[in-house]
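Participant: With the input below, show me the fold.
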Amino acid sequence: MFKFFNKINLFWWTIRLGFETSFVFYLLRNFISIIDELIPIAITFIISLIINSLIYSLAHHITILTDYILTLIILSIILRLVFNITSEINHYLIVKLNSEWDIIHGAKFLEKISSLDFQQREDQTISLLYHKVEVGIDKNIKTLVLNTIPDLILNLAGLLVIAGIFLTLNPVFIMLIIIPIIINFIIDKKYGNEMYNIWKTEGENKIHVSKSKYALQNLNSGKEAKIYNINKYLIEKYKYHNKVFQKEYLAKSRSKTKYLSLSYILDSIIFGIIQIWIILQVLNKYLSIGLYSFYIMNLNTIISNLSHIEYASSIIINDINYSQDYRDLLNIQTVIKVNKNYKLKNESPSIEFKNVSFKYPKSHKYVLKNVSFKINKGESIAIVGVNAAGKSTIVKLLARFYDVTEGEILIDNYNIKDINLESYYRLWGSLFQEYSLFWFSIKENIAISNIKNINNINLMKSTTMKSTLDKDIKSLKYKYETFLDNEFYMGTNLSGGQKQKIAISRFLFKDSNLVILDEPTSAIDKLSEDKIFKEIYKYIKNKTTLIISHNFTIIKYIQKIIVLNHGEIVEQGYHEELMKNKGYYYKLYNTQAKHFNNT
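Facilitator: Numbering: from 1, shown residues only. Okay, the predicted model is just below:
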């Protein structure tokens, strides 16, 4: 019983999505649909009256249109006109609601995904959930709310009217008509649930399909696909995973079709029995010819209504699962609990890691072990180490993408968990090796770090001079208005170095008090790198700064260097001090120096 009420609650929640899209338009859509369903019934009744009147006129040799027949014809014309107008209005409402749905629920879905914690977005279960919801919002849930539910309502309205008429004729007919409908409903429900559950067993194949499409359509991955001649390989992967996913669907669909065909045979037999009974009533003069035509036309209508109700109900019962997924996604609570109490001052903060150990969710392996260090206000430190030493994990913890497993992180002597994150991120200026550029104009890409100054051209020009991007911009036809995608009329494709200069310009465009640099110039040529870092050194002066880099020529001038190995701090100090100790740092430095000397 609880499960039943939970489904009812979910059904009403799903209907509310329609009203949330547009209360007025969704209400009109349902109301007009009911009118469109009832008008044809009224017209068939008028036609039956006209037929009876014509039979009467022929029997009495009346060869002119009587006022009664003329009135009925005019009434049917008016109803026909109303039906055509409301049908067109309904068509517009469907288009309008579909458009509003894409905007409102598409944005709602994206807002929810973007609000999830970093670790939640990396979780496989949540990843599969939002892939299902993405499909559901574009297809299943949208169709359910905007088409299936209104169709159910209008067919119920038509059924109530016609069923009332047929009950006066013979109540047994209703019972006979319902039998195959119930059988169809049971079949649809059974196979619908089984088809939805294919997501649980074959959901990863659907993700493979999506990734294969993206790889073929994306320009960057498309370059490698072209060079290595793997387009055919990717297409085969797309086809293979699509076939695996669809194979189960097709098998269930074939089985469902077989059983539904048997039900349709029973449906046709019942239709024939009822039609014969009505004809016998006419022959025995219990019914007029006009009423015969009315009942026969509406017999098809009532069977159609019941079939649509059965089909809509089965679709609702099956696709409500996607609605449940949508609600589950919206109800996911973030793991990182945000405290809005303590707001940081707009100045360079101190940072301290105290006995921090960390392992990623669902992993038993510690990535960081008992890490302790402090960055004083306005101080710069660098963290070095080989790949997988734990350097990037420190940045993730500092950004509070994850919470520490053990120990604590202090910002201005406050636990990071107690700090208002909005005030904290306002201090941030970051430049990551895996930076993101958008398809926007160069101006927008630079200004998103400090969007309120997007029209401050002097600041932007000053920033691009520091990053040496200004020379590249001068060579572009549309200068700062150039889009970073050649699919646009004013767009172009830039080199890796040019793109990184945009990322550096973005970083410099914001006057940050806390600076995080992670391999900031990996794609820049050596001459430009030296000039850029002179500007970066000026920029980070008196700012709390953390630099992660494999480039020892960059970090050796930093005030303090921390050396990580297998998640533990093995050394820390100044460059000269660490070189004098001839420890792990000395080994790393000489390995890189030897490489440069050999080249």
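Participant: Can you tell me the centre-most residue of this protein?
Facilitator: Among the residues of the chain, the one closest to the centroid is Glu134, at 4.1 Å (Cα atoms, centre = their mean).
Participant: helices or strands next to the helix or strand hosting Ser53 in the packing?
Facilitator: Using DSSP states H and E, Ser53 sits in helix 23-59. Secondary-structure packing of helix 23-59 (3 or more Cβ pairs under 8 Å, 6 or more residues apart in numbering; DSSP states H and E): helix 2-21, helix 67-115, helix 149-169, helix 289-331. Heads up, the C-betas are built off the backbone N, CA and C, glycines and all.
Participant: report the angle between the axes of the longest one and helix 23-59?
Facilitator: With axes from the mean of the first three to the mean of the last three Cα atoms, to 10 degrees applied, the angle from helix 67-115 to helix 23-59 works out at 160 degrees.
Participant: just the first one next, same as before
Facilitator: Using the same axes, to 10 degrees, the inter-axis angle of helix 2-21 relative to helix 23-59 is 90 degrees.
Participant: so which of the helices and strands packed on helix 23-59 gets nearest Ile32?
Facilitator: helix 67-115 (4.8 Å; Cβ to Cβ).
Participant: The closest one packs against which elements?
Facilitator: Checking 3+ Cβ pairs under 8 Å, 6+ apart, helix 67-115 ends up next to helix 2-21, helix 23-59, helix 124-135, helix 141-143, helix 289-331.
Participant: what comes up buried for the first one?
Facilitator: Along helix 2-21, these residues count as buried under the neighbour rule (16 or more other Cβ atoms under 10 Å): Leu10, Phe11, Thr14, Ile15, Leu17, Gly18, Thr21.
Participant: hey, where'd the strands end up in the stretch 401-550 of the chain?
Facilitator: In the stretch 401-550 of the chain, the strands defined using DSSP state E, counting those that start in this stretch lie at 406-411, 414-415, 428-431, 514-518, 544-548.
Participant: OK, contacts around Ile270?
Facilitator: Residues in contact with Ile270 (Cβ atoms under 8 Å, 6 or more residues apart in numbering) are Leu176, Ile177, Ile179, Pro180.
Participant: repeat that for 10 Å
Facilitator: Listed by Cβ atoms under 10 Å, 6 or more residues apart in numbering, the contact set of Ile270 reads Phe173, Met175, Leu176, Ile177, Ile178, Ile179, Pro180, Ile303.
Participant: neighbour-wise, which of those residues leads?
Facilitator: Pro180 (24 neighbours; other Cβ atoms under 10 Å).
Participant: does that residue belong to a helix or a strand, and which?
Facilitator: helix 171-196.
Participant: Roughly how far does His566 sit from Thr301?
Facilitator: Separation of His566 from Thr301 (Cβ to Cβ, to the nearest Å): 75 Å.
Participant: same deal with Ser436?
Facilitator: 57 Å.
Participant: higher neighbour count, these two?
Facilitator: Thr301 (19 against 9).
Participant: Which pLDDT value goes with that one?
Facilitator: Here, the pLDDT recorded for Thr301 equals 80.
Participant: how many neighbours does Lys345 have?
Facilitator: 10.
Participant: show me the contacts for the closest residue to it other than its chain neighbours.
Facilitator: Take Lys345 and drop its neighbours on the chain: the residue closest to it by Cβ to Cβ, 6 or more residues apart in numbering is Asp412, 7.8 Å away. Contact analysis of Asp412 by Cβ under 10 Å, 6+ apart lists 342, 344-345, 347-352, 377, 419, 424, 544.
Participant: what's the distance between Asp412 and Asn84?
Facilitator: Counting by Cβ to Cβ, the gap from Asp412 to Asn84 is 71 Å.
Participant: How about Leu154?
Facilitator: 17 Å.
Participant: got any ranges where the stretch 51-200 of the chain has weak pLDDT?
Facilitator: 191-196, 198-200 (pLDDT under 70).
Participant: Lys213 reaches Lys239, doesn't it?
Facilitator: No - assessed by Cβ atoms under 10 Å, Lys213 is found out of contact with Lys239, at 11.3 Å.
Participant: what touches both of the two?
Facilitator: With the criterion set as Cβ under 10 Å, 6+ apart, the contacts of Lys213 and Lys239 do not overlap.
Participant: picking that back up, I'd like the list of the contacts of Asp412 that fall within helices, please.
Facilitator: In this view, these that belong to helices under DSSP state H are Tyr424.
Participant: Highest neighbour count among the contacts of Asp412?
Facilitator: Ranking those using other Cβ under 10 Å puts Thr544 first, with 25 neighbours.
Participant: With adjacent residues omitted, what lies nearest to that one?
Facilitator: In space, Thr544 is closest to Ser348, 4.3 Å off (Cβ to Cβ, 6+ apart).
Participant: tell me the pLDDT at the one you found?
Facilitator: 88.
Participant: I'd say it and Ser512 touch.
Facilitator: Yes - here Ser348 lies in contact with Ser512, judged by Cβ under 10 Å, at a distance of 9.0 Å.
Participant: any common contacting residues for the two?
Facilitator: Contacts common to Ser348 and Ser512, judged by Cβ under 10 Å, 6+ apart, are Leu427, Ile540, Lys543, Thr544, Thr545.
Participant: Could you save those residues as TSV and add columns showing pLDDT and distance to Ser357?
Facilitator: Below are the shared contacts of Ser348 and Ser512 laid out as TSV (pLDDT from 0 to 100; distance: Cβ to Cβ, whole Å):
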residue	pLDDT	distance to Ser357
Leu427	88	26
Ile540	80	29
Lys543	87	28
Thr544	90	23
Thr545	88	25
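Participant: from the residues you listed, which two are the most distant?
Facilitator: Of all pairs in the shared contacts of Ser348 and Ser512, the most separated under Cβ to Cβ is Leu427 and Ile540 at 13.3 Å.
Participant: what's the closest of the helices and strands packed on helix 67-115 to Lys466?
Facilitator: Minimum separation from Lys466 across these (Cβ to Cβ) falls at helix 124-135, 39.1 Å.
Participant: Point out where the chain drops to low pLDDT.
Facilitator: Applying pLDDT under 70 to the chain flags residues 1-2, 4, 191-196, 198-204, 214-230, 340, 520-529, 593-599.
Participant: report the longest helix in it, please.
Facilitator: From DSSP H, the single longest helix across the chain is helix 231-283.
Participant: Quickly list what's touching both of Leu427 and Ile540.
Facilitator: In terms of Cβ under 10 Å, 6+ apart, Leu427 and Ile540 are both contacted by the residues Ser348, Ser512, Val515.
Participant: ok, so of those residues, who is nearest Ile50?
Facilitator: Nearest member of the shared contacts of Leu427 and Ile540 to Ile50, counting by Cβ to Cβ, is Ser512, at 82.0 Å.
Participant: So that closest one sits against Trp428, correct?
Facilitator: Yes - at 6.0 Å, Ser512 counts as touching Trp428 under the criterion of Cβ under 10 Å.
Participant: shared neighbours, the two?
Facilitator: Ser449.
Participant: Looking at those two, which has the bigger crowd around it?
Facilitator: A side-by-side neighbour count of Ser512 and Trp428, using other Cβ under 10 Å, places Ser512 first with 22 against 15.
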